[in-house]
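Participant: just a sequence and a predicted model for now, questions to come.
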Amino acid sequence: MDDQATVLIVDDEKHTRDGLRQSLEDDFDCYVASNAAEAMEYLNNDRIDVMLTDLRLGEDDGMKLLDAALALPKPPVCIMMTAYGSVDTAVEAMRRGAYHFVTKPLNLDEVELLIKRALRSRSLEHENVALKQQVERKFSIEGILGQAEVMKPILDTIQQVAPSRATVLIEGESGTGKELVARAIHNLSGRPKANIVAVHCAALSPQILESELFGHEKGAFTGAQERRIGRFEQANGGTLFLDEIGEIDGSTQVKLLRALGEQSIERVGSSKPIQINVRVVAATNRDLAKMVEEGKFREDLYWRLRVVTIHLPPLRDRKSDIPVLSDHFLKELAKANGKAYKPLGEDALPAMMKYDWPGNIRELRAAIEHGVVMSNSSRVMLKHLPSYLLNPNSPGIGLRAPKSGAAMMASTTEPLTPAPKSDLDINEAEHQLILAALQRSGNNRTVAAELLGMSRRTLQRKLKDMNMVRTHRRRMQTDAAAPQAATPES
């Protein structure tokens, strides 16, 4: 027991104050007060660990003193005592935050044991809070969970770079959490109340992207019926997140380079510079250095963007994080779907640890949501998860997410489909590849696109083309099966 713990005894009866002090002063540093004003003087100026106060303090109200003590930045443990004990009074005191409630006449030994127990309880509570904060600082930043060794330097880099103005380039496969990192950098930047504006560059054509980034004046081009404020101006004073930066065309690269270098932009259709104060964070799942070598990305812009580089590892390289990520998603998605939280069943996690998650954290989240929705028992079992997890070692399952369609074909011992017999079979072979990728990904188009080495937008277009081809074939088959009209004899 810490003999330096301090106890404040508050009672308007002198013999009670003196009796308690004499009983407790061998184990505690004791202070005494006869009213609420004296008590608050001690509470505001000294470290008080426990306050033992009467409910009735002459003209003062012990409940109000309790409220005032508990409102302090470092409140003491509060124990109420009174000769007017009742269940209702005890419940009210406990509801307001009192640790315990004792009635007079006091059993001094009991009071001493109660104080020691209260101090032990508070000590454990403080230790738990400190441990939780330590774990959160070590393994979590702004919602980024990671206990794997490969994540520790990443979390340190995020904390180090966030308060600066440096441009950050986040690299990593699709689904690894690049946007979450960008938002963490913004939130820790010292200006989290300012805007963070996200632009997904691959989703926009070059002409639209330029207008989205820099804005345009009325009449700048056909259809520009009014002035538009671009994303740079919207993010002024905050952060602009450019996702899939490797997809922007050469003309937009030039304007982006100027904006980064001069901190000014010009709206499309205007020559008037607009000063901006924007921190740019960019992300890509492509190899920008290789694109520079191939002449597809400007080298000067590349070096502007990668002042600080953060490379996010794929989930297959941080599998020790799967349990904590899964539990986080179980809680989040149960709430989002209006269901009770259910932990993973004993057969689910081993299968999840064997699987390589080509779609990374995004795929894991989708699989967990599938389980949350489909579970009809007290746990999320393996049978509730997507079917491809039932046999994670089967062909096509556990593939490392490739960067291209060729890489995907080289990464497995079996091709997705037989090679085309002739040039006429190429379209059909491509269709079979797409169908196989969709099957392997559980119809997750984002994961399928990654397996095929194409953007999700390209996959959507190809699927639309496939539907048109199938419709045309059905019509041809219908026409061929229809009875032919009789032709007049010649």
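Facilitator: Right, received. Where do you want to start? These figures come from a predicted structure and were not determined experimentally.
Participant: what does stretch 247-263 contact?
Facilitator: For stretch 247-263, contacts defined as CB atoms under 8 Å, 6 or more residues apart in numbering pick out 167, 201-202, 206, 209-210, 213-214, 232, 242, 264-266, 273, 275-278, 280, 286, 297-298, 300-301, 304-305, 455. Quick note: C-beta positions are derived from backbone N, CA and C, even for glycine.
Participant: only C-alpha atoms, please: export that stretch in CSV.
Facilitator: Output of stretch 247-263 as CSV, limited to C-alpha atoms (Å, rounded to 0.1, in the frame of the first residue of the first chain):
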residue,chain,number,x,y,z
GLU,A,247,-3.4,7.4,-64.6
ILE,A,248,-3.2,11.1,-65.4
ASP,A,249,-2.2,12.2,-69.0
GLY,A,250,0.8,14.2,-70.0
SER,A,251,-1.0,17.6,-70.3
THR,A,252,-2.4,17.3,-66.8
GLN,A,253,1.0,16.3,-65.4
VAL,A,254,2.5,19.6,-66.7
LYS,A,255,-0.2,21.6,-64.9
LEU,A,256,0.1,19.6,-61.8
LEU,A,257,3.8,20.1,-61.7
ARG,A,258,3.3,23.8,-61.9
ALA,A,259,0.7,23.8,-59.2
LEU,A,260,3.1,22.0,-56.9
GLY,A,261,6.0,24.1,-57.7
GLU,A,262,4.4,27.6,-57.6
GLN,A,263,1.4,26.9,-55.3
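Participant: let me see the mean pLDDT of that stretch.
Facilitator: Per-residue pLDDT over stretch 247-263 has a mean of 92.
Participant: with stretch 173-181 instead?
Facilitator: For stretch 173-181, the per-residue pLDDT averages 93.
Participant: cool, stretch 286-302 as well?
Facilitator: Averaging pLDDT along stretch 286-302 yields 94.
Participant: try stretch 13-31
Facilitator: On average, stretch 13-31 scores 91.
Participant: straight-line length of that stretch, end to end?
Facilitator: The first residue of stretch 13-31 is 15 Å away from its last residue (CA to CA, to the nearest Å).
Participant: on that earlier part again, mark which of the contacts of stretch 247-263 are part of strands, please.
Facilitator: Using DSSP state E, the subset of the contacts of stretch 247-263 located in strands is 242, 264-265, 275, 280.
Participant: which of the residues you listed sits closest to Leu124?
Facilitator: Nearest to Leu124 among the ones in strands among the contacts of stretch 247-263, counting by CB to CB, is Val280 at 46.5 Å.
Participant: pretty sure Val102 contacts Thr89?
Facilitator: No. When contacts are counted by CB atoms under 8 Å, Val102 is not listed as touching Thr89 (11.5 Å).
Participant: pLDDT on stretch 445-463, on average?
Facilitator: The pLDDT scores in stretch 445-463 average 78.
Participant: list the buried ones in it?
Facilitator: Using 16 or more other CB atoms under 10 Å as the test for burial, stretch 445-463 gives 446-456, 459, 462-463.
Participant: for stretch 339-359, same thing?
Facilitator: Under the neighbour-count criterion of 16+ other CB under 10 Å, stretch 339-359 has 342, 344-345, 348, 351-352, 355-359 buried.
Participant: stretch 175-184 too?
Facilitator: Neighbour-count burial for stretch 175-184 [16+ other CB under 10 Å]: 175-184.
Participant: same check on stretch 289-307?
Facilitator: Burial within stretch 289-307, assessed by neighbour count using 16+ other CB under 10 Å, is assigned to 291-292, 297-298, 301-302, 304-306.
Participant: which ones among the residues you listed lie within helices?
Facilitator: Taking DSSP state H as the definition of helices, the buried residues of stretch 289-307 contribute 291-292, 301-302, 304-305.
Participant: which among those gets closest to Ala436?
Facilitator: The closest of these to Ala436 turns out to be Met291 (CB to CB; 28.4 Å).
Participant: list the buried residues for stretch 246-259?
Facilitator: Taking 16+ other CB under 10 Å as the criterion, stretch 246-259 shows 246-248, 252-253, 255-257, 259 as buried.
Participant: circling back: out of the buried residues of stretch 339-359, which comes closest to Lys64?
Facilitator: Nearest to Lys64 out of these is Lys342 (CB to CB; 45.0 Å).
Participant: tell me the phi and psi of that closest one?
Facilitator: phi -130, psi 130 (degrees, to the nearest 10).
Participant: dump the residue contacts of it.
Facilitator: 330, 334, 372, 375, 377-380.
Participant: over to Ala283?
Facilitator: The neighbours of Ala283, taking CB under 8 Å, 6+ apart as the test, are 169-172, 178-179, 181-182, 241-245.
Participant: now do Arg96
Facilitator: Contacts of Arg96 by CB under 8 Å, 6+ apart are 63, 66-67, 70.
Participant: swap the cut-off to 7 Å and go again
Facilitator: For Arg96, the contacting residues are 63, 66-67, by CB atoms under 7 Å, 6 or more residues apart in numbering.
Participant: and for Tyr341?
Facilitator: Contacts of Tyr341 (CB under 7 Å, 6+ apart): 330-331, 334.
Participant: let's see that with 10 Å instead.
Facilitator: By CB atoms under 10 Å, 6 or more residues apart in numbering, the contact list for Tyr341 reads 327, 330-335, 372, 380.
Participant: picking up where we left off before, can you list the buried residues of stretch 175-184 in CSV and add secondary structure?
Facilitator: Formatted as CSV, the buried residues of stretch 175-184 follow (DSSP: H, G, I helix; E, B strand; the rest coil):
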residue, secondary structure
Gly175, coil
Thr176, coil
Gly177, coil
Lys178, helix
Glu179, helix
Leu180, helix
Val181, helix
Ala182, helix
Arg183, helix
Ala184, helix
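Participant: and which of these is nearest to Leu106?
Facilitator: So of the buried residues of stretch 175-184, ranked by how close each gets to Leu106 (CB to CB), first place is Ala184, at 53.6 Å.
Participant: check what pLDDT that closest one gets.
Facilitator: pLDDT recorded at Ala184 is 91.
Participant: surely it and Gly146 touch.
Facilitator: No. In this structure Ala184 lies outside contact range of Gly146 using CB atoms under 10 Å: 11.4 Å.
Participant: ok, and the closest non-adjacent residue to Pro217?
Facilitator: In this structure residue 217 is Glu, not Pro. Excluding the flanking residues, the one nearest Glu217 by CB to CB, 6 or more residues apart in numbering is Gly269, at 3.9 Å.
Participant: quick one, phi psi at Asp11?
Facilitator: Dihedral angles of Asp11 (phi, psi; degrees, to the nearest 10) stand at phi -160, psi 140.
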